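Student: Structure, please.
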Amino acid sequence: MPIAPRKRAPRFGPFSNTAVNAADGLAGSPDPLHAEAASRVLRQFRQVFNSIKKHFQQVEKRAGVGGAQVWALSVIHARPGIGVNELAQAMDVRQPTASNLVKSLVDHELIEVRRNERDRRAVQLHLRPGGSSVLGRAPGPFAGVLPEALAGLDTARLERLENDLGALIAALDTDARDASIPLGHH
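Tutor: Numbering: from 1, shown residues only. Model (predicted):
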């Protein structure tokens, strides 16, 4: 007589085992092959998100600031005098998100904001010694492990992934504005 698999105690949260335990209810399919495929994909997402989470925890532990802040510092370091709008473009975030990052970095005395001599409304961002120190302590990649991993994939694979994730996003009915919030921003 085969031994029945042990049931795990349910945990709650967006990536909990509750979803796996109830996998036969995923997408309304009673098909066990479908349920197992959904469970495998869910576990893959857990691996991705936990890898990202571990990286950002290491960044914060070693650098003392969050991953999005380290990324912003690295962009400012690479492009001294960059403006807030250009920072937003470089990080692929909305301008208010970049402004909030800049405010936090100024408050922590990691960057300084200088007025442009020609256009006093425009600002230029420059690293302060504390910002350089943070970058020296931060483990790379500064933009995060996911952007680096994605950049290493070939174009055909990226296009397939984009299409498949597009279908998942449509099923989740998410807010499109969430796409412009960096993962390491909290």
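
Student: next SSE after the worst-scoring helix or strand of the chain on mean pLDDT?
Tutor: For the chain, scoring each helix and strand by mean pLDDT, DSSP states H and E identifies helix 17-21 as the least confident one, at a mean of 43. Using DSSP states H and E, the helix or strand that follows helix 17-21 in sequence is helix 32-63.

Student: Show me what the following helix or strand past that following helix is packed up against.
Tutor: Moving toward the C-terminus from helix 32-63, the next helix or strand (DSSP H and E) is helix 67-78. Judged by 3 or more CB pairs under 8 Å, 6 or more residues apart in numbering; DSSP states H and E, helix 67-78 is in contact with helix 32-63, helix 84-91, helix 95-107, strand 123-127, helix 129-137. The C-beta positions use only the backbone N, C-alpha and C, and glycine is treated the same way.

Student: mind redoing it with 10 Å?
Tutor: helix 32-63, helix 84-91, helix 95-107, strand 111-115, strand 123-127, helix 129-137 (3 or more CB pairs under 10 Å, 6 or more residues apart in numbering; DSSP states H and E).

Student: Check which strands are paired with the fourth one and give the direction for each one.
Tutor: The reference is to strand 111-115. Strands that pair with strand 111-115, judged by DSSP bridges, come out as strand 123-127 (antiparallel).

Student: Restrict the partner strand to CA atoms and write it as PDB.
Tutor: Written as PDB, here are the backbone C-alpha positions of strand 123-127 (Å, rounded to 0.1, in the frame of the first residue of the first chain):
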ATOM      1  CA  VAL A 123      19.300  70.100  -9.500                       C
ATOM      2  CA  GLN A 124      22.400  68.100  -9.900                       C
ATOM      3  CA  LEU A 125      23.000  65.100  -7.600                       C
ATOM      4  CA  HIS A 126      26.500  64.300  -6.300                       C
ATOM      5  CA  LEU A 127      27.800  61.600  -4.000                       C
END
